[in-house]
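Trainee: I would like the atomic coordinates for the input below:
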Amino acid sequence: MRSPGSGAGLTFPPESRYHDHEGRIGQGGSAATEGAPAQPPPCCEGPEKMAYLVVEKGEDAGSIFLLSEEEVVQRNGFRIGRHFQRDIVLNDLAVSRDHAEIRFENGRFSIRDLGSKHGTFVNGRSYEPSEVHILSAGDLIDLGNSRLRFFEDDPHQQVQYQIGNEDLTKYISSIRNNSITYAALSNAEQRLSLIYEISQAIDSILDAEQLLEKIMDVIFETFNPERGMIGLLEQQGAQTLFVSKVTRIRDEERGSASIEISRKILDTVINQGSGLITYDAIADRLLKGSESIVASKIRSAMCVPLRNMQEILGVIYIDDRSHPNRFVKEDLEFLSAIGYLAGVASKNAYAHKTIAELNRTLEDKVAQRTRELAQANQKLRESNAMKSRLIEELDRSNKDLEAAYALLKKTEAQLVQTEKMSAMGDLVSGIAHEINNPASFIRGNLGMLFEYISDFKKLLHLYDEIEPAHPEDRQRIEAFKEEIDFEFLLTDLDELIEALQEGHRRIDEIITNLRTFSKVDMAEIKPMRVQEGIDATLKLLLPKYRQRIEVIKEYQDVPEIECYAGQLNQVFMNILLNAFQAIEGEGKVWIHVAQREGGKIAIRITDNGCGIPKENFHRIFEPFFTTKEVGKGTGLGLAISYGIIERHGGKIEVESEVGKGTTFTIILPPNLDNEVEAESSFAKFSRRT
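Mentor: Numbers count the residues shown, from 1 in each chain. Presented below is the predicted three-dimensional model:
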């Protein structure tokens, strides 16, 4: 019950593969046929007391939240708020992060305010934090701009009692009509924000064991399961074995947990390469009474592959032994996204471990070679005739070793950054596609809505021109028109249509910016306007920094250039992120784009942050050099950026003064000539991967 739409489990929207509570496996669909009343899930049956909160007004209109006596008591109350970790999440800016709380005491559900900014109202009356209101069927609860109705036991009977013979399905549909696309958009943006936060949390961890523990921390903070396990597939000789790496049980000490899970679930996820969710494992026909399921009394469970591109590395598994329907399809989608991101990070961590071992081997060889060269030097002192030739061999060997070591470090940096950007690009592209679905719905219906309203207004004017047979009819019509402020309604309809069109335009702009940033044509040369790449990058960064940092753009009208667009976006992301992080408190960032002689494009990015000490100037483009705190940076961003600009035939310059700020200037040619393109080893590397 973490977000609107995950409430009573009435429908399952079509998207990724899932396993429903009746044992079916498929690519999505509806759990209720069209026009038939929606049925509550199996968890609603039994002697315990059940209740529902139906959102009638607000961003989440149409959502249903299930309140079970057992779960509310077990959790010591359900908290309602805007924060994504609340038990009931409302996507309403007027709702506080911790707004109100539902409790179950003495056989009744009650509500109290938690010191919210705008207060809690029940049936129009405001309640102080010290007051508790015992809820009754049909109570209206106002929180911010959202209105919820409380039902007990049987929602079908309660709805009929409150609103007449209209059944629950029609009731929910009527309050969802004008809000479902906005709720979908809000959830997509929230998931993108969470994915970005998770990526930031794990991308700097290069120790494989620490990385898996951090991933498990994120999963428990997000889903709060009872048990969790991360396991990897390891090659031992000719066999591939499944090895449990991290296990966790809620409220138990780390490292002490030992859990047993269904082999049927593991085999299904690993063989099919897709996530699986079971709403009631004991009753699940797919699992066919698995002995481990029955012995462990598992009710709800989710399992997703830990993958890197098409390679299955292992699985992430979580469950709950107390409650069926503990997880919903949106949880499976989000856990699958974490599994993909964690798979890439795990692959990088193990690659880093392998490279570190190679480094140690190389260093041992260097030390051995140094000892051998020392012995050779002794012999050289004894034989002047051989001295010159051996010194030349020594210099040549040292240069070869230095070149090999530099190439190894450079390849390591490219591998880590390329995999990370590839994962982020896929996720951003997927979210852009998800946002585009409700946008298409709006786009297709706005025109028809405008035509219908125009015809309706013409019909009203024709009725207005007809003289009623009885004067008292005319008086009643005029009185009603005055009561509803008829002229204002006609005018306001046009303004509402304009507002809807403006909202759709903004959604299209968001989709365009996401797709611009997540271009998958990194290894293809295409024309690009650098201003568009910078703006798309700012769209992703500014939500976190706009409260304290002002961005001043000075763009000249410059032509397109030929480039690897995805790589340049990566450069803009690295430099702008460094500029924002260099500013403590409030500050400014200036971005200047202009054309120079020969058609070259100059991009200058200036901040008024802390500046760079002179002694660090010669090292800022070295791989793994960073002045940030441990865990906040890998020292790869500027090194990768320098290589990208160099391979485009351009150059990057830095000016800085401690306490005043830093300026990065990028000079790019208008075209990539054949020589530069042929020598672009990074482009070749990208195509291979």
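
Trainee: CA only for contacts and neighbour counts going forward, please
Mentor: Will do.

Trainee: can you find the helix or strand in the chain with the smallest mean pLDDT?
Mentor: strand 25-26 (a mean of 30; mean pLDDT, DSSP states H and E).

Trainee: name every strand pairing with the next helix or strand after that one and say which way it goes.
Mentor: Note on strand 25-26: by DSSP states H and E, the next helix or strand toward the C-terminus is strand 50-57. Strand 50-57 pairs in its sheet with strand 64-68 (antiparallel), strand 146-152 (antiparallel), by DSSP bridges.

Trainee: pick out the shakiest of those, pLDDT-wise.
Mentor: Lowest mean pLDDT of the strands paired with strand 50-57: strand 64-68, a mean of 86.

Trainee: what about it, distance to the chain center?
Mentor: 26 Å (CA atoms, centre = their mean, to the nearest Å).

Trainee: how about it as PDB, C-alpha atoms only?
Mentor: Output of strand 64-68 as PDB, limited to C-alpha atoms (Å, rounded to 0.1, in the frame of the first residue of the first chain):
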ATOM      1  CA  ILE A  64      -8.700   2.300  -3.100                       C
ATOM      2  CA  PHE A  65      -6.700   1.600   0.000                       C
ATOM      3  CA  LEU A  66      -7.400  -1.600   2.000                       C
ATOM      4  CA  LEU A  67      -7.400  -1.400   5.800                       C
ATOM      5  CA  SER A  68      -7.300  -4.800   7.600                       C
END
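
Trainee: Throw the strands paired with strand 50-57 into CSV and include mean neighbour count and distance to Val218, thanks.
Mentor: Output for the strands paired with strand 50-57, formatted as CSV (neighbours: other CA atoms under 10 Å; distance: least, CA to CA, whole Å):
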stretch, mean neighbour count, distance to Val218
strand 64-68, 23, 24
strand 146-152, 22, 30
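
Trainee: got the ones you listed as JSON lines, with distance to Gln375 columns?
Mentor: Listed next are the strands paired with strand 50-57 as JSON lines, based on distance: least, CA to CA, whole Å:
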{"stretch": "strand 64-68", "distance to Gln375": "79"}
{"stretch": "strand 146-152", "distance to Gln375": "82"}
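
Trainee: for those, which one sits closest to Leu373?
Mentor: strand 64-68 (75.3 Å; CA to CA).

Trainee: before we move on, the earlier item: Asp251 is nearest to which of the strands paired with strand 50-57?
Mentor: strand 64-68 (22.4 Å).

Trainee: now the next helix or strand after that closest one: average pLDDT?
Mentor: The element immediately downstream of strand 64-68 (helix or strand, assigned by DSSP H and E) is helix 69-74. Averaging pLDDT along helix 69-74 yields 89.

Trainee: now helix 69-74: buried residues?
Mentor: 69, 71-72 (16 or more other CA atoms under 10 Å).

Trainee: could you list the low-pLDDT ranges of the stretch 301-450 of the chain?
Mentor: Scanning the stretch 301-450 of the chain for pLDDT under 70 picks out 384-390, 410-430, 432.

Trainee: tell me where it has strands.
Mentor: Applying DSSP state E, counting those that start in this stretch to the stretch 301-450 of the chain gives strands spanning 311-320.

Trainee: and the helix or strand containing Ile575, what does it pack against?
Mentor: Element membership for Ile575 (DSSP H and E) is helix 565-581. Applying 3 or more CA pairs under 8 Å, 6 or more residues apart in numbering; DSSP states H and E, one finds that helix 565-581 contacts helix 530-545, strand 601-607, helix 637-647.

Trainee: buried set for the longest one?
Mentor: Residues of helix 530-545 classed as buried under the neighbour-count rule (16+ other CA under 10 Å) are 530-531, 533-538, 540, 542.

Trainee: re earlier: mind saving the C-alpha coords of the helix holding Ile575 as PDB?
Mentor: These are the backbone C-alpha positions of helix 565-581, laid out as PDB (Å, rounded to 0.1, in the frame of the first residue of the first chain):
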ATOM      1  CA  ALA A 565      25.300  13.000 -29.100                       C
ATOM      2  CA  GLY A 566      25.100  10.600 -26.200                       C
ATOM      3  CA  GLN A 567      28.800  11.100 -25.300                       C
ATOM      4  CA  LEU A 568      28.500  14.900 -25.400                       C
ATOM      5  CA  ASN A 569      25.500  14.700 -23.100                       C
ATOM      6  CA  GLN A 570      27.600  12.700 -20.700                       C
ATOM      7  CA  VAL A 571      30.300  15.500 -20.800                       C
ATOM      8  CA  PHE A 572      27.600  18.200 -20.000                       C
ATOM      9  CA  MET A 573      26.300  16.000 -17.100                       C
ATOM     10  CA  ASN A 574      29.700  15.600 -15.600                       C
ATOM     11  CA  ILE A 575      30.800  19.300 -15.800                       C
ATOM     12  CA  LEU A 576      27.400  20.700 -14.700                       C
ATOM     13  CA  LEU A 577      27.200  18.200 -11.800                       C
ATOM     14  CA  ASN A 578      30.700  19.300 -10.600                       C
ATOM     15  CA  ALA A 579      29.700  22.900 -10.900                       C
ATOM     16  CA  PHE A 580      26.500  22.400  -8.800                       C
ATOM     17  CA  GLN A 581      28.400  20.400  -6.100                       C
END
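
Trainee: quick one: buried residues of that helix?
Mentor: Result for helix 565-581 [16+ other CA under 10 Å]: buried residues 565-580.

Trainee: thank you kindly, that will do.
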